[in-house]
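In: below: sequence and its predicted model.
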There are 2 protein chains.
Amino acid sequence: MTKPLLHVLSGNAVWPPPLWLMRQAGRYLPEYRAIRAQAGDFISLCTAPELAAEATLQPIRRYGFDAAILFSDILMVPWALGHGLRFAEGEGPVLPKLRTVADVDALNIDRMVREMAPIIETVRRVRVGMAREGFDRTTLIGFAGSPFTVACYMIEGGGSKDFAATRLMAYGEPLLFQRLMDVLVEATVIYVSAQIEAGAEVAMLFDSWAGVLSPSLFRAHVIAPTRRITAALKARFPDVPVIGFPRLAGPMLAEYATATGVDAVGMDTSVDPVRAAAEVPAHVALQGNLDPMALLAGGAAMADEVRNILRAVRGRPAIFNLGHGIVPQTKPEQVAELVELIRAT
Amino acid sequence: MTKPLLHVLSGNAVWPPPLWLMRQAGRYLPEYRAIRAQAGDFISLCTAPELAAEATLQPIRRYGFDAAILFSDILMVPWALGHGLRFAEGEGPVLPKLRTVADVDALNIDRMVREMAPIIETVRRVRVGMAREGFDRTTLIGFAGSPFTVACYMIEGGGSKDFAATRLMAYGEPLLFQRLMDVLVEATVIYVSAQIEAGAEVAMLFDSWAGVLSPSLFRAHVIAPTRRITAALKARFPDVPVIGFPRLAGPMLAEYATATGVDAVGMDTSVDPVRAAAEVPAHVALQGNLDPMALLAGGAAMADEVRNILRAVRGRPAIFNLGHGIVPQTKPEQVAELVELIRAT
């Protein structure tokens, strides 16, 4: 029997749609908080295969989600490339600020291949765990940050309201910016390929900050690199689907879905699924997009939003998900309620 | 002779398009920094008619922009309503966090009418100054924050990455949230009407955080209140055009343009003007949308972006602007270069 998520990603409509949630392995789960405390800092958790595999499997045990997603972080690529990364308590990621050609040329792909070994080992252990625990309807998703979003963090040195320094570099130093993007495209292909070889069945590319770009920069630095990565992965692994998530792409979502060659697009919370269903090519699956705050509010407000989404994607390949990561205040019972609601559809 | 901006807002194409820039009165101008220093804190500047009028006129003197926009802040409405507001150095606005029905009921429209007097006086003085200095092709724009965006700041107590508490209240406490929105709709109509009576020729509504909402909340809390405010203003001032700016509305921009009754929509930097020109009804003017970082970078990157925007809006009512406020690092000469570029088109 084909797993539901893979069936959808081959272009088939499945009803009710398969279901998983962004950040399903995370702080809202007491069992996650327990292993997080055990690991020490966040990077140690991402590079401890036993613990990271356990974090990946925890939500599948509770909810039987249709996908498990590798427990890791989009910034593990710059970390492995030697750019430097730490997570400051309550502040999010802190990185050196990339500014020069020398900074780009210092990024070391051989080093990345060595440093990423524990993450690839995590993928292997998750597959072993899934088999051992009989999760045979669940699909394992590997992932990476998309080059533009990773570049954002490397240039700003962390999160930002509007990633102004990144946009300024893209406009004002286009050769430097492209040089960085080229390294990140190559690194992403190598990193994701290794996850697939270790057992990831789907690849997802998170472009969390795609929405800060003007349309011309969006085409140059979101669509073009995603197309390059997708083509390289498809050349090596023709049967492994790719999900692209250009967050806040807004009106550019359909063009992204058409031009990149991805098999599915993630819809953030602001996307109207009715419109996405009308504009995204029919063979490209839609994934999303319940507001995590609607999940947290629960009750009639959540049920209304769920109904709107389901009605919009009915009859086409679709994956139910949130439009953004689940928030830590969410109670595990609230997630159970959502799962019930979808499964009872 | 009709002023170019008003001619566009009556549904006519003017070439080259009239031009002004969001935050054109601001820190990139040395003469602004001088009066800012004189005023003390930011609220004092907004409530000192002589200084605020001077700030409004400064960029017109330098660049002859087609619009002057009242120097003020979108949070002066909650300030005048008695909700409290201060600007902490380097942190942005700080407000009490609205949480209860009592907090909403404490908002006092009579108080607002008294407190807003110096702002209305600023509008009068700007018109007098415009006449005195012979700015007879320049149109004066009055403005307010849109209720949803103002509610965001009142609920979060300041800026936020994702306005999670606001979305949670909109989902989880819909009656409380609607009660707040109703007060803000009423207050906005009174506040903007007073600006128009004092001489504002156009009203602009800034909905800076419209993009954080799901489509159903966007319809309920961005489109519906904007339609109510626009209808109320049109009933009293049928000849005064309204510009709506639902920032990051993404795929909802055309629906907003169609359903609210506004005469023009602002496009943020992420909007593809080609698509907006195709989807927004032909009688609604498009305003925007150069990335302020392209202006800061200057040179070929800026010229390319300007050309794309101009080509997209050619032949329809359009106003050239940035897609977001000008950044303080911009040099006054760079703005002069942009103005040259547009005027030479």
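Out: Structure's in. What do you need? Because the structure is a prediction, the values reported are computed rather than measured.
In: quickly list what the nearest residue to A:Pro317 once chain neighbours are set aside is bridged to.
Out: Nearest non-adjacent residue to A:Pro317, counting by CB to CB, 6 or more residues apart in numbering or on different chains: A:Ala285, 3.8 Å away. C-beta: built from backbone N, CA, C; applies to glycine. Beta-bridge partners for A:Ala285, by DSSP bridges, are A:Ala264.
In: before we move on, what about the one 5 residues further on?
Out: Here A:Leu290 shows beta-bridge partners A:Leu322, assigned using DSSP bridges.
In: surely the residue nearest to A:Pro317 meets A:Ser10?
Out: No. Applying CB atoms under 8 Å, one finds A:Ala285 not in contact with A:Ser10, separated by 9.2 Å.
In: of the two, which one has the most company?
Out: A:Ala285 (29 against 14; other CB atoms under 10 Å in any protein chain shown).
In: pLDDT score assigned to that one?
Out: Turning to A:Ala285, the model gives it a pLDDT of 98.
In: flag the helix or strand of chain A with the lowest per-element mean pLDDT.
Out: Within chain A, confidence by mean pLDDT, DSSP states H and E is lowest for strand A:86-88 among all helices and strands, at a mean of 90.
In: that one packs against which elements?
Out: Where contact means 3 or more CB pairs under 8 Å, 6 or more residues apart in numbering or on different chains; DSSP states H and E, strand A:86-88 is packed against helix A:42-46, strand A:92-94.
In: output these as JSON lines; include the columns mean pLDDT and distance to chain B.
Out: Output for these, formatted as JSON lines (pLDDT from 0 to 100; distance: least, CB to the nearest CB, whole Å):
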{"stretch": "helix A:42-46", "mean pLDDT": "96", "distance to chain B": "19"}
{"stretch": "strand A:92-94", "mean pLDDT": "94", "distance to chain B": "10"}
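In: coming back round to it: mind listing what the residue nearest to A:Pro317 touches?
Out: Contact analysis of A:Ala285 by CB atoms under 8 Å, 6 or more residues apart in numbering or on different chains lists A:Val8, A:Leu9, A:Gly11, A:Ile243, A:Asp263, A:Ala264, A:Val265, A:Arg316, A:Pro317, A:Ala318, A:Ile319.
In: walking through chain A, point out its strands one by one.
Out: Ranges of strands within chain A are A:67-69, A:86-88, A:92-94, A:139-145, A:202-207, A:242-246, A:264-266, A:285-290, A:318-322, based on DSSP state E.
In: mind telling me which of those the model trusts least?
Out: Among the strands of chain A, strand A:86-88 carries the lowest mean pLDDT (a mean of 90).
In: sheet partners, orientation included, of that one?
Out: When DSSP bridges is applied, strand A:86-88 pairs with strand A:92-94 (antiparallel).
In: any idea what the spatially most central residue of chain A is bridged to?
Out: Nearest to the geometric centre of chain A sits A:Phe206, at 4.1 Å (CA atoms, centre = their mean). Beta-bridge partners recorded for A:Phe206 (DSSP bridges): A:Gly145, A:Phe245.
In: quick check: which ranges of the stretch 151-300 of chain A have low pLDDT?
Out: Within the stretch 151-300 of chain A, no stretch has pLDDT under 70.
In: nearest to chain B: which residue in chain A?
Out: A:Gly250 (2.5 Å; CB to the nearest CB).
In: distance-wise, check that residue relative to A:Leu205.
Out: Distance of A:Gly250 to A:Leu205, computed by CB to CB, to the nearest Å: 18 Å.
In: picking that back up, not counting sequence-adjacent ones, nearest residue to the residue of chain A closest to chain B?
Out: B:Gly250 is the one closest to A:Gly250 (CB to CB, 6+ apart), at 2.5 Å.
In: with A:Ile74 instead?
Out: Spatial nearest neighbour of A:Ile74, chain neighbours left out: A:Gly145 (3.0 Å); criterion: CB to CB, 6+ apart.
In: I'd say the one you found and A:Trp79 touch.
Out: No. Between A:Gly145 and A:Trp79 there is no contact under CB under 8 Å: 11.1 Å.
In: compare those two (neighbour count), which wins?
Out: Set A:Gly145 next to A:Trp79 and count neighbours by other CB under 10 Å: A:Gly145 wins out with 24 against 21.
In: what sits against that one?
Out: For A:Gly145, the contacting residues are A:Ile74, A:Leu75, A:Val77, A:Tyr153, A:Thr188, A:Leu205, A:Phe206, A:Asp207, A:Ser208, by CB under 8 Å, 6+ apart.
In: who wins on neighbours among the residues you listed?
Out: Result: A:Asp207 is most packed of the contacts of A:Gly145 (other CB under 10 Å), 29 neighbours.
In: how about that one: what's its closest non-neighbour residue?
Out: Nearest residue to A:Asp207 in three dimensions, chain neighbours excluded: A:Ser146, at 3.7 Å (CB to CB, 6+ apart).
In: the one you found and A:Thr226 touch, don't they?
Out: Yes. Counting by CB under 8 Å, A:Thr226 is a contact partner of A:Ser146 at 6.2 Å.
In: so what sits against both of those two?
Out: Shared contacts of A:Ser146 and A:Thr226 (CB under 8 Å, 6+ apart): A:Leu205, A:Asp207, A:Gly244, A:Pro246.
In: rewinding a little: looking at the contacts of A:Ala285, which one is closest to A:Pro96?
Out: Taking CB to CB as the measure, A:Ile243 is the one of the contacts of A:Ala285 closest to A:Pro96, at 30.3 Å.
In: how far away is that closest one from A:Ile141?
Out: Here A:Ile243 is placed at a distance of 7 Å from A:Ile141 (CB to CB).
In: those two - which one has more neighbours?
Out: Set side by side, A:Ile243 and A:Ile141 show more neighbours around A:Ile243, with 24 against 20, by other CB under 10 Å.
In: relative to A:Asp263, how far out is the more buried one?
Out: The value you get for A:Ile243 to A:Asp263, if CB to CB is used, is 7 Å.
In: identify the contacts common to these two.
Out: The contact sets of A:Ile243 and A:Asp263 overlap at A:Leu9, A:Ala285 (CB under 8 Å, 6+ apart).
In: tally of neighbours for A:Arg125?
Out: For A:Arg125, using other CB under 10 Å, the count is 18.
In: can you pull the contacts of the nearest residue to it once chain neighbours are set aside?
Out: In space, and not counting its chain neighbours, A:Arg125 is closest to A:Ala53: 3.8 Å by CB to CB, 6+ apart. By CB under 8 Å, 6+ apart, the residues touching A:Ala53 are A:Phe71, A:Thr122, A:Arg125, A:Val126, A:Gly129.
In: cutoff 7 Å now
Out: Shown in contact with A:Ala53 (CB atoms under 7 Å, 6 or more residues apart in numbering or on different chains): A:Thr122, A:Arg125, A:Val126, A:Gly129.
In: ditto for A:Met204
Out: A:Ile141, A:Phe143, A:Ile243, A:Phe245.
In: quick one: the second one from A:Gly158, how far?
Out: Think A:Phe143. Relative to A:Gly158, and taking CB to CB, A:Phe143 is found at 20 Å.
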